[in-house]
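Asker: Sequence and predicted structure below; questions after.
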Amino acid sequence: MSDVPTTNEQGGSDERAALLATLRAAPPKATDAKVVRLARSSSTRDQGRYAAVLAGMLALIGIAAVAGLMIGSVTIPAGTALSILLHRISGGLLLEPDWRQAHEIIIVQTRMPRVILAAVVGASLGVAGMVIQAIVRNPLAGPSILGVSSGAATGAVIVMRFGLLVAGAFTLHIAAFVGGLIALSIVFWIARTGGHMTPTRLVLAGIAVSAVLSALTSLLVLTSPDPQLAARVLFWTLGGFGSAQWSILPIPVVALAVGLAIMLVQARRLNLLMAGDESAVALGLDVERFRRTMFVLTAGLTGITVAVSGVIGFVGLIMPHIVRLMVGADHRKALPAVALLGASFTIAADLVARSIIAPLELPVGIVTALVGGPFFIWLLRRDARSLSVNR
């Protein structure tokens, strides 16, 4: 007999080889299915954890808001405050008024717009700070880093210094917004060399412009013949919500809604930018154009908040760090979370500011600095220890 295998033998050999290959491939498939199940289970746990974090933040806002309605120069019981709130929301259909008329006036005309303004400003500064830290790839950046806050304060001070209150309080808001945009334009002009802008040049230009504008603001105050100007300027340099009115709420509310919606749509691109300019360009992102658009958006949002509340520091710097520790760096999750956390923080800060030395009020910026400053120092020390361990 010949030692050469026949056709049938070759066919059988091929079938056995195919069967063996199939059997060998089966365990990896089972393993892959297990990995997929584990990944899905992990994703479900992450989503549940994220939902729990958002629920906790909403609860914080609710508690802070109720406390803001209750506490002040006149203390109103929680039940009365909630009853007045429910009565107003329902248009008077629910609950018959059994409370003092003075309490309703205090809640509706003074404290409700103040709480809402504080929440909107905190949310706006939080999301603006997170986006700025992403586009400059610097965790030490914040809304004031571009000179927008200083420009807005300078614009308001110019109007007060020279008595240009043509449209009353709205003149101050318009002047603050325009001043912020002018400051941003100057920063862009300084940072743009050779047709390009880099995050480093933007940060340095923002710091320089902020210093110049702060000096100009001080000069305007010191040379003013009005001895009361310094007290009024304190509002714009340290911030507060004492001027909150229903009439000024639509502008910051709409600005926050539009700005946050745009940022959420661009969340994937923000994630790409965090990986570095080269990686973002390789994935098809026009980095310079996107960065410029986001700068203008955050500057406009910051300018509007400064126009209605003055300069409130550390909110846009600290809140993004806390949120990233809680939910991670994915902007699709982090942006809604930082808006909620920023809102609850500023409501609480305003509550402390108007309660700690009642009936007088502290500027809210003092409270946020006293809380945010030590936290920021701890954050720097923690990062320094991490770097030393890694080395």
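Answerer: Structure received.

Asker: rest of the way, CA atoms for contacts and neighbours
Answerer: Will do.

Asker: So for the protein, the centremost residue is which one?
Answerer: For the chain, the residue nearest the mean C-alpha position is Gly126 (1.6 Å; Cα atoms, centre = their mean).

Asker: Now do the helices in the stretch 51-200 of the chain.
Answerer: Ranges of helices within the stretch 51-200 of the chain are 78-89, 101-105, 112-135, 148-161, 169-191, 199-222, based on DSSP state H, counting those that start in this stretch.

Asker: circling back to that earlier point, correct me, but the residue nearest to the centre of the chain touches Met319?
Answerer: Yes: counting by Cα atoms under 8 Å, Met319 is a contact partner of Gly126 at 5.9 Å.

Asker: what is in contact with these two at once?
Answerer: Contact criterion Cα atoms under 8 Å, 6 or more residues apart in numbering; residues shared by Gly126 and Met319: Val338, Leu341, Gly342.

Asker: what helix or strand is the first one on?
Answerer: Element membership for Val338, per DSSP states H and E: helix 331-353.

Asker: Remind me what the very next helix or strand once past that helix packs against, helices and strands.
Answerer: The helix or strand immediately downstream of helix 331-353 is helix 364-390, counting by DSSP H and E. Using 3 or more Cα pairs under 8 Å, 6 or more residues apart in numbering; DSSP states H and E, the elements in contact with helix 364-390 are helix 229-238, helix 315-327, helix 331-353.

Asker: let's see 6 Å
Answerer: Helix 364-390 sits against helix 331-353, with contacts defined as 3 or more Cα pairs under 6 Å, 6 or more residues apart in numbering; DSSP states H and E.

Asker: got the angle between the helix it packs on and helix 112-135?
Answerer: If you take axes from the mean of the first three to the mean of the last three Cα atoms, to 10 degrees, helix 331-353 sits at 140 degrees to helix 112-135.

Asker: Let the chain start at 642 from now.
Answerer: That works, and once the first residue is 642, the last one we named lands at helix 972-994.

Asker: returning to that earlier point: contacts for the helix holding Val979, please.
Answerer: 702, 705, 709, 759-760, 763-764, 767-768, 908, 964, 1002-1003, 1005, 1008 (Cα atoms under 6 Å, 6 or more residues apart in numbering).

Asker: and the least confident of the residues you listed?
Answerer: Within those, Glu1002 has the lowest pLDDT, namely 84.

Asker: Surely the residue nearest to the centre of the chain and Gly957 touch.
Answerer: Yes: assessed by Cα atoms under 6 Å, Gly767 is found in contact with Gly957 at 4.5 Å.
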